[in-house]
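Undergrad: sequence first, predicted coordinates after that:
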Amino acid sequence: MQQVNTFQYLGSVITEDAECSKEIRGKLAREQSAETGMKQIWKSHSIKLTTKVRIMKALVWPVAT
C-alpha cells in the first residue's frame, strides 16, 4: 500500500489536508464544458426559452453538483 496526496473515491476527491477547492474547480470546469458543448442550443432562436431552461436543469446543473 502506498501513501498518496489525493485520490478519488465515489466521485469525490479526497486530499490529505481535507481541502476541497480542487474538487470544486473540477466540477465547475466540467459544468462549463457541458454548457459550452451545447452552444448551438443556447443560440438557437427556434427553441423556446422554457425548453432551454429545462435542458439546463436536466443536463448541465447535475454535472456541476
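TA: Yep, it's here. Numbers count the residues shown, from 1 in each chain.

Undergrad: poorly predicted segments of this structure, please.
TA: For the chain, residues meeting the criterion pLDDT under 70 lie at 11, 63-65.

Undergrad: helices along the chain, start to end?
TA: Counting by DSSP state H, one finds helices in the chain at the ranges 21-37, 39-43, 49-55, 61-64.

Undergrad: show me how far the longest one is from its chain's centre.
TA: So the one you mean is helix 21-37. In terms of CA atoms, centre = their mean, to the nearest Å, the centre of helix 21-37 is found 4 Å from the chain centre.

Undergrad: return the set of buried residues in that helix.
TA: Residues of helix 21-37 classed as buried: 23, 27, 31, 34-35 (neighbour count, 16 or more other CB atoms under 10 Å). Where C-beta positions appear, they are placed from N, C-alpha and C, glycine not excepted.

Undergrad: so which of those comes closest to residue 61?
TA: Set against residue 61, the nearest of the buried residues of helix 21-37 by CB to CB is residue 31 (7.6 Å).

Undergrad: and the closest one, how far is that from residue 51?
TA: Counting by CB to CB, to the nearest Å, the separation of residue 31 from residue 51 is 19 Å.

Undergrad: now do residue 42
TA: Using CB to CB, we find residue 42 at a distance of 11 Å from residue 51.

Undergrad: identify the contacts common to these two.
TA: With contacts defined as CB atoms under 8 Å, 6 or more residues apart in numbering, no residue is shared by residue 42 and residue 51.

Undergrad: next up, the contacts around residue 55.
TA: Residue 55 sits next to 38, 41 when contact means CB under 8 Å, 6+ apart.

Undergrad: give me the nearest residue to residue 14, chain neighbours excluded.
TA: Leaving aside its sequence neighbours, residue 14 sits nearest to residue 7 (CB to CB, 6 or more residues apart in numbering; 5.6 Å).

Undergrad: that neighbour touches residue 23, doesn't it?
TA: No. Counting by CB atoms under 8 Å, residue 7 sits too far from residue 23 to count as a contact (11.7 Å).
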